[in-house]
Structure formats: structure tokens, C-alpha cells
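> pasted the sequence and its predicted model underneath.
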Amino acid sequence: MDTPLQASGVALNSQSFADGLKARSLDRKLLKKERTKYLLLTAATNLLSREPSAKISIEKVLEETGLSRGTFYNHYKDVDGLLVNLLETFLNMTWGSREPIRKKTGEVDAYQLLYETNLAFCYAYREHSHIYALFNEISSTNKGLIRIREQMNNDWVARNVKHIEKRRQNPFDTIERCQIEGKFRMLIAMTIETLRERFVHGDAFLVERYEALEDLASALSEIWWKIISEYYAI
């Protein structure tokens with residue numbers, strides 16, 4: 001049976017992140033060192049999932065994996081190194097491997113594509129809220145994660161601009177491109193903050209008002225559409 005992410009038509013990785021890590025830790029095609037690294041990452045994400053507010057320690061990771069302290073230090077200097085690598089791996093496995101929203105868009109309604117994308121993001125934040133909480137905690141001071149986040153946002157903007165240009169069959173001039181890229185960056189910031197408040201911080205109003213993910217996806221899409229539809233009409 002399709003998961004909601006698969007059914008949405010958006011090619012975000014619908015496999016559980018923890019399951020994906022575990023599968024790689026058992027993959028005999030990988031070197032033993034790589035499999036061990038994925039085993040450590042699996043332990044870290046499982047611990048985060050069970051106890052989001054608890055501090056992860058080397059001892060807890062070793063208890064989860066059955067590995068020795070020496071093996072841990074062969075891969076990571078400390079727990080912070082493990083957690084940063086966990087976030088980098090999460091971004092690469094879930095967002096970095098995305099395909100186009102649809103292989104053949106045809107005359108599919110543009111608003112429907114927008115809604116499906118926002119719905120997929122809602123599901124991703126709900127299923128991996130513990131990972132996003134960690135990202136929120138660490139990314140503000142880690143330059144590597146900041147660069148990854150910036151590149152993700154740049155790619156997100158570029159995909160949207162390219163899609164609109166294709167739909168209206170008219171490329172943006174320099175001024176127009178600067179304007180719409182700025183608007184898209186603000187929309188992205190709004191979306192990320194909304195999803196973070198709803199699924200990571202558990203904002204009471206958002207939880208009550210948008211209990212159904214479809215309602216939240218619709219609300220986000222309406223805000224995006226007010227901006228995007230203006231450029232379709234140009």
C-alpha cells in the first residue's frame with residue numbers, strides 16, 4: 001500500500017529514515033566500516049525518536065549497538081560529530097535524492113502540484129519531527145549545516161522559478177527574477193517556520209486549527225498561490 005508521501009505524487013523519500021539507515025547497515029555491498037557507521041547512525045536516530053528531549057551519550061549509543069567504545073571513536077570524535085553526520089545524512093537521504101514533482105506534468109493543475117508538495121512536507125515534518133528538532137538546535141551554529149540549508153533553499157527557489165517560466169513560456173528578466181526569488185525565499189522561511197512550530201514545538205493554536213495535515217497543506221498552498229498566480233498572469 002502506498003504511503004501518503006508516495007500517493008501525493010511528490011518524490012520525497014517515503015521510507016522511514018531509520019529503516020533506510022538500518023538497511024544500509026546490513027548491506028553487504030558496503031564496506032564494513034560504512035556498515036558500522038550506519039549502525040551508529042541508526043542507534044542515534046532511534047534514541048532521538050524514543051526520547052526526543054533526552055541527551056544522547058556515547059554510552060547510550062554503545063548500549064543500543066553493542067559496539068565497543070574504540071569502534072565509536074574510529075568513526076566519530078564525539079557525540080556532536082555523530083549528530084551532525086546524522087543530520088547531513090538525513091538531508092541527503094530524504095531531500096537530496098528528490099526527483100521532479102512529476103515525470104510528466106502535462107496539463108496537471110499547477111495549484112494541485114503546489115498542494116501535493118506542501119502535503120509531502122507536512123508528512124515529512126510529522127514523521128521526522130525529532131530529526132527536525134535536532135536540526136533546529138544544531139544548524140544555527142554549524143557552518144556545514146548552514147551551507148546545506150542554504151543550498152536546499154536555493155534549489156527550492158530555482159525549481160519554482162523554472163517551473164513558472166515553463167508554464168508561462170516566458171523567461172523572467174533580471175529585475176523580475178530578483179523580485180520573485182526574494183518572494184520565494186520569504187515564502188520558504190514562512191513555510192519552514194510554520195512546520196517547525198506545528199510539528200517540533202507543538203504550537204497549541206496550529207495543532208488545534210490544523211490537526212489534519214491536509215488542512216495545513218491547503219492553508220500553506222493558498223498563501224503560496226497568491227504570489228505564484230500573479231506571475232502566471234504576466
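That came in fine, so what should we check first? As the structure is a computational prediction, the values presented were derived from the model and not from experiment. Numbering: from 1, shown residues only.
> quick one, domains of the protein?
The record's domain parsing of the chain by automatic domain parsing lists 17-92, 102-232.
> tell me the mean pLDDT for the first one?
For domain 17-92, the mean pLDDT works out to 93.
> got it, and stretch 204-219?
Computed over stretch 204-219, the mean pLDDT rounds to 97.
> send me it as CSV with only the CA atoms.
Output for stretch 204-219, consisting of C-alpha atoms alone and laid out as CSV, is shown next (Å, rounded to 0.1, in the frame of the first residue of the first chain):
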residue,chain,number,x,y,z
ALA,A,204,-1.2,24.9,20.5
PHE,A,205,-3.1,27.0,18.0
LEU,A,206,-1.6,25.4,15.0
VAL,A,207,-2.1,21.9,16.4
GLU,A,208,-5.8,22.6,17.2
ARG,A,209,-6.5,24.5,14.0
TYR,A,210,-4.6,22.3,11.6
GLU,A,211,-5.0,18.8,13.2
ALA,A,212,-5.4,17.3,9.7
LEU,A,213,-2.3,17.6,7.6
GLU,A,214,-4.4,18.2,4.5
ASP,A,215,-5.8,21.4,6.2
LEU,A,216,-2.3,22.7,6.9
ALA,A,217,-1.1,21.9,3.4
SER,A,218,-4.1,23.8,2.0
ALA,A,219,-3.5,26.8,4.1
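> so which elements touch the longest helix seen in the chain?
Ranked by number of residues, the top helix in the chain under DSSP state H is helix 143-168. In this structure, helix 143-168 makes packing contacts with helix 79-94, helix 174-195, helix 213-232, judged by 3 or more C-beta pairs under 8 Å, 6 or more residues apart in numbering; DSSP states H and E. Backbone N, C-alpha and C define where each C-beta goes, glycine included.
> could you rerun that using 6 Å?
Helix 143-168 sits against helix 174-195, with contacts defined as 3 or more C-beta pairs under 6 Å, 6 or more residues apart in numbering; DSSP states H and E.
> what's the angle from the helix it packs on to helix 213-232?
Taking axes from the mean of the first three to the mean of the last three C-alpha atoms, to 10 degrees, one finds that helix 174-195 is oriented at 170 degrees with respect to helix 213-232.
> contact partners of helix 174-195?
Outside of helix 174-195, the residues that reach it under the criterion C-beta atoms under 6 Å, 6 or more residues apart in numbering are 125, 153, 156-157, 160, 220, 224, 227.
> would you mark the buried spots in the helix or strand where Asn136 lies?
Under the criterion DSSP states H and E, the helix or strand holding Asn136 is helix 129-138. Going by neighbour count (16 or more other C-beta atoms under 10 Å), the buried part of helix 129-138 is 129-135.
> over to stretch 190-208?
Applying a neighbour-count criterion of 16+ other C-beta under 10 Å, the buried positions in stretch 190-208 are 191-192, 194-196, 198-200, 206.
> got the contact list for the residue of the chain positioned farthest from its centre?
Centroid-distance maximum for the chain: Gly70 at 32.3 Å, with C-alpha atoms, centre = their mean. In this structure, Gly70 makes contact with no residue, judged by C-beta under 6 Å, 6+ apart.
> one more: Trp156?
Ile188.
> distance check, it against Tyr210.
Taking C-beta to C-beta, to the nearest Å as the measure, Trp156 falls 22 Å from Tyr210.
> same check, this time on Arg167
With distances taken as C-beta to C-beta, Arg167 is found 28 Å from Tyr210.
> comparing the two, which residue is more hemmed in?
For Arg167 versus Tyr210, neighbours defined as other C-beta atoms under 10 Å are more numerous around Tyr210 (19 against 14).
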